[in-house]
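Asks: Build the 3D model from these lines:
(one chain, ligands or ions: 2)
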Amino acid sequence: MSVFNKDSADEFARGARAVIALPEMGGEGRRDADARLDEAAGLAGAIGVEVAERLRFRIRQPRPATLFGKGQVEQIAEAVDREGAELLIVDAPITPIQQKNLETGTKAKVIDRTGLILEIFGERAATAEGRLQVELAHLDYQAGRLVRSWTHLERQRGGFGFLGGPGETQIEADRRLIRDRMAKLKKELDQVTRTRALHRTRRQRAPWPVIALVGYTNAGKSTLFNRVTHADVMAENLLFATLDPTMREVALPGFDKAILSDTVGFISELPTQLVAAFRATLEEVISADLIVHVRDISHPDTDAQRSDVEQVLKEIGAGEAAGQARLEAWNKIDLLDAEEADRVRAEAARREDVVLLSALTGKGVDDLLECAGNHLRKGAKLRTVTLPVGEGEAIAWLHAHGEVVSLHTEGLETIVEVRMSDSDWARFDARRAEA
Ligand SMILES: Nc1nc2c(ncn2[C@@H]2O[C@H](COP(=O)(O)OP(=O)(O)OP(=O)(O)O)[C@@H](O)[C@H]2O)c(=O)[nH]1
Ligand SMILES: [Mg+2]
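Replies: Ligands and ions are numbered 1, 2, ... in the order given. This next block holds a predicted model:
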């Protein structure tokens, strides 16, 4: 899918062996290094790469040429050689120069965390929209690297020379090529997004609330989704198992119908290009009536993961400032030992927006649905509507979605006083406007 195969990891075969190197620079104190290595191994596993060895290095002073110190590069090279690895995964952003030098120094192909995440998305994207978004993100990533590293790329790559005009350098030609391809992709994507938006408007007018599940990758969103909707979405111990959003009906106490949406998981240092690219997909989240943030409460970095997710939500404009209701589902309580469970229970008891559950065993799932229903009803607004007599259907709709406080007829008009959520009022108004 890339314009420049040389600069991407496209050619890695599944089953390749890799060494992971984690540079510890001291700034990442809140994260557990082992959990971080596990996550990197999980990312590698997600594209079928087998991790032969995990190394961590304390970096006092990052070296511009290689990031790691000289002795450290030698240690990495030894590990690569010993394990017969073809790939070195550096769990941090590296510059193209560092990538090149590390490749020379270790005789392995080198990929950084962003590159790895882009690879996974490239392999997983199933819909036309997803593929376009990922390719766009990939090109954007390459364009950025091109700018910073043009000297070595120019020397390294002989291709595309025929495209440049007289006097045009290789880098300019490459950049132009990327720009043109990106413009074309954006146009295609616009088209797909418009079609989807159309479907969405149609759905929005449908008289039921939408609940979006969001959360860190592997938190258990799809497991929860499957349990409450009886769907069969892929739920696996695999990072980024879900890429494309799925929507299903869900039975919610007090509502005749609601829609639940399962979405792509987030991760720390999610490439900004991907956040931007998936903005359209994540619109389901932005426009949802309620966001349920699913957290793996048994994970050592659960708090750091929470802030990563909050950060992405903010970036896509689904912040709490938008007035959107938000719940936290603290999942995987079955994995807590007695002491942890007590601590977590006490913490949850202090908050109104937290439900403890296990999507795996089903414990607490009903509480979540009840709590979701309550939150959707909360913030309901009282309004008085005047309808012509004989609008039985509209009145039935109001009964189904809100709490009818009073109803009486005056002459040819029925006057109804109803308490209902903002989003239902918007739906009601849209229906009236259409009628
Ligand atoms: N023990 C336990 N495991 C769970 C629970 N919920 C989910 N899991 C496991 O966690 C792993 C990830 O679950 P998924 O539902 O695929 O997670 P996800 O949030 O959809 O992940 P992505 O789609 O990758 O973002 C699977 O192996 C699940 O079986 C739970 O309550 N308890
Ligand atoms: Mg999933």
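
Asks: Could you point out the helix or strand that follows the host helix or strand of Arg419?
Replies: Per DSSP states H and E, Arg419 falls inside strand 413-420. Next in sequence after strand 413-420, counting helices and strands by DSSP H and E, comes helix 422-434.

Asks: For that following helix, buried residues please.
Replies: Ser423, Asp424, Trp425, Arg427, Phe428 (16 or more other Cβ atoms under 10 Å). All C-beta atoms are positioned from the backbone trio N, CA, C, and that covers glycine.

Asks: Over to stretch 331-343?
Replies: Those would be Asn331, Lys332, Ile333, Leu336, Ala341, for stretch 331-343 by 16+ other Cβ under 10 Å.

Asks: quick one: which of the residues you listed sit in strands?
Replies: Asn331 (DSSP state E).

Asks: Which two among the buried residues of stretch 331-343 are spaced furthest apart?
Replies: Asn331 and Ala341 (13.2 Å; Cβ to Cβ).

Asks: Also near ligand 1: which of the buried residues of stretch 331-343, exactly?
Replies: Asn331, Lys332 (Cβ under 6 Å from any ligand atom).

Asks: Near ligand 1, which residues of this protein are found?
Replies: 215, 217-223, 235-237, 239-242, 265, 331-332, 334-335, 358-360.

Asks: so what's the closest residue to Leu224 other than its chain neighbours up against?
Replies: Using Cβ to Cβ, 6 or more residues apart in numbering and skipping the chain neighbours, the partner closest in space to Leu224 is Ala359 (3.9 Å). Counting by Cβ atoms under 8 Å, 6 or more residues apart in numbering, Ala359 touches Gly220, Thr223, Leu224, Arg227, Val294, Asn331, Lys332, Val365.

Asks: Recalculate using a threshold of 6 Å.
Replies: Ala359 makes contacts with Gly220, Thr223, Leu224, Arg227, Asn331, as judged by Cβ atoms under 6 Å, 6 or more residues apart in numbering.

Asks: Next: Gly254.
Replies: Gly373.

Asks: go on, Ser298?
Replies: Here Ser298 is in contact with Lys332, Leu335, Leu336 (Cβ under 6 Å, 6+ apart).

Asks: out of those, who's near ligand 2?
Replies: Among the contacts of Ser298, no residue is within reach of ligand 2 (Cβ under 5 Å from the ion).

Asks: Could you single out the nearest of those residues to ligand 2?
Replies: Lys332 (14.0 Å; Cβ to the ion).

Asks: Give me the nearest residue to the closest one, chain neighbours excluded.
Replies: Nearest non-adjacent residue to Lys332 (Cβ to Cβ, 6+ apart): Ser298, at 4.4 Å.

Asks: Check the secondary structure at that neighbour for me.
Replies: coil (DSSP: H, G, I helix; E, B strand; the rest coil).

Asks: any idea how far it is from Leu43?
Replies: According to Cβ to Cβ, to the nearest Å, Ser298 and Leu43 sit 20 Å apart.

Asks: coming back round to it: can you flag the buried ones in the residues of the chain next to ligand 1?
Replies: Using 16+ other Cβ under 10 Å, the buried members of the residues of the chain next to ligand 1 are 215, 217-223, 235, 239-242, 265, 331-332, 358-360.

Asks: In strands, which of the residues you listed appear?
Replies: Gly215, Asn331.

Asks: Averaged over its residues, which helix or strand of this protein has the lowest pLDDT?
Replies: helix 128-156 (a mean of 66; mean pLDDT, DSSP states H and E).

Asks: could you list every residue that touches the residue in the stretch 151-300 of the chain positioned nearest to ligand 1?
Replies: Proximity of the stretch 151-300 of the chain to ligand 1 (Cβ to the nearest ligand atom) peaks at Gly265, 2.3 Å away. Gly265 sits next to Tyr216, Thr217 when contact means Cβ under 6 Å, 6+ apart.

Asks: how about 7 Å then?
Replies: Each residue near Gly265 by Cβ atoms under 7 Å, 6 or more residues apart in numbering is listed here: Gly215, Tyr216, Thr217, Asn218, Ala219, Lys221, Phe240, Thr242.

Asks: Show the model's pLDDT score for the fifth one.
Replies: The pLDDT attached to Ala219 in the predicted structure is 96.
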